[in-house]
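Undergrad: I would like the atomic coordinates for the input below:
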Amino acid sequence: MLKCKKITAFFLACLMLLGTIVPTGEAFAKGANHLSKTRISRIEVKDRKGNTIDLNEKIEEDKGCRLEIDWDASEYGADIKKGDYFNVTLPKDFKASKSNFAVHTLDGVQVAKAQVNNVNSES
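TA: Reported below is the predicted structural model:
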């Protein structure tokens with residue numbers, strides 16, 4: 001029994017060491033830049049009908065809603081290239097499903113692809 005515990009402890013120690021050597025986390029395209037100077041000017045939560053949800057009121061946990069965000073990365077001018085990105089951190093209690101979708105201008109031109117990670121979700 002003692003030998004089994006020693007083998008298990010050795011295995012776990014190797015696994016922990018491997019975890020410090022092998023990088024984990026998000027992978028981005030080679031040469032991609034984090035657009036840290038991107039400005040968020042409006043974040044609004046709306047219900048399925050498009051009505052604004054008052055964030056001072058309690059929202060039902062399973063209520064379907066969408067998030068509208070106005071952002072401006074014009075400070076980068078023509079220097080933005082494929083793979084560049086910026087992050088928007090949602091409030092701790094806001095749970096979102098993982099998804100990918102196109103981002104369009106008001107006149108329908110696709111300007112980016114969005115990736116939503118469910119960092120706050122329990123699953």
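
Undergrad: and the strands in the chain, which stretches?
TA: 39-47, 65-72, 99-104, 110-116 (DSSP state E).

Undergrad: out of those, flag the one nearest A78.
TA: Between A78 and these, the shortest separation by CB to CB is 13.0 Å, and it involves strand 110-116. C-beta here means a position set from N, CA and C on the backbone, and glycine is covered the same way.

Undergrad: could I get the buried residue list for that closest one?
TA: Within strand 110-116, the residues that count as buried by 16 or more other CB atoms under 10 Å are A112.

Undergrad: can you give the strand pairings for that strand, parallel or anti for each?
TA: strand 99-104 (antiparallel) (DSSP bridges).

Undergrad: mind listing what's buried along the strand it pairs with?
TA: Buried residues in strand 99-104 (16+ other CB under 10 Å): none.

Undergrad: same check on stretch 77-94?
TA: Here stretch 77-94 shows 80, 84-86, 90 as buried, counting by 16+ other CB under 10 Å.

Undergrad: great, nothing more from me.
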